[in-house]
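*Asks:* Okay, structure incoming, though there's no sequence with it:
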């Protein structure tokens, strides 16, 4: 699961960078929208994988405390819905939100710089 998180973070940065490279120095609302939408999708996916990882860690923690004769080998994580296991808490977890929030801020700054550069050349 942590490998998935690492790959998603890498892909999100790569795709946003590629969008800016192929935009041919002409930032417009379409590229901005695609970049922010792709970041939102990757942010959700990263949160989802962290959500799954936390639930399986909770299951592991529960099973390790049980006596051997009470273990049923079920992999169901339905009972783990508390605050620490919720999807929202994972999406806004301390290891996820700073990266995606900073990427969105950088996208907005790049858009502002591109607009001010175009306005100064006209």
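*Replies:* Done, it's in. Source: prediction; values computed, not measured. Numbers count the residues shown, from 1 in each chain.

*Asks:* alpha carbons only for contacts and neighbour counts from here, please
*Replies:* Will do.

*Asks:* what packs against the longest helix along the chain?
*Replies:* Among all segments of the chain classified by DSSP state H, the helix with the greatest residue count is helix 29-64. Contacts of helix 29-64 with other secondary structure elements, assessed using 3 or more Cα pairs under 8 Å, 6 or more residues apart in numbering; DSSP states H and E, are made with helix 2-21, helix 87-91, helix 97-121.

*Asks:* Taking helix 29-64 as reference, get the angle to the last one.
*Replies:* Going by axes from the mean of the first three to the mean of the last three Cα atoms, to 10 degrees, helix 97-121 is angled at 170 degrees with respect to helix 29-64.

*Asks:* returning to that earlier point: could you give me the buried positions within the longest helix of the chain?
*Replies:* Counting neighbours by 16 or more other Cα atoms under 10 Å, one finds that the buried residues in helix 29-64 are 31-32, 35-36, 38-40, 42-56, 58-59, 63.

*Asks:* which of the helices and strands packed on helix 29-64 sits most buried?
*Replies:* The highest mean neighbour count among those belongs to helix 87-91 (a mean of 19), with neighbours defined as mean count of other Cα atoms under 10 Å.

*Asks:* what does it contact?
*Replies:* In this structure, residues lying in contact with helix 87-91 by Cα atoms under 8 Å, 6 or more residues apart in numbering are 43, 44, 46, 47, 48, 50, 51, 83, 84, 96, 97.
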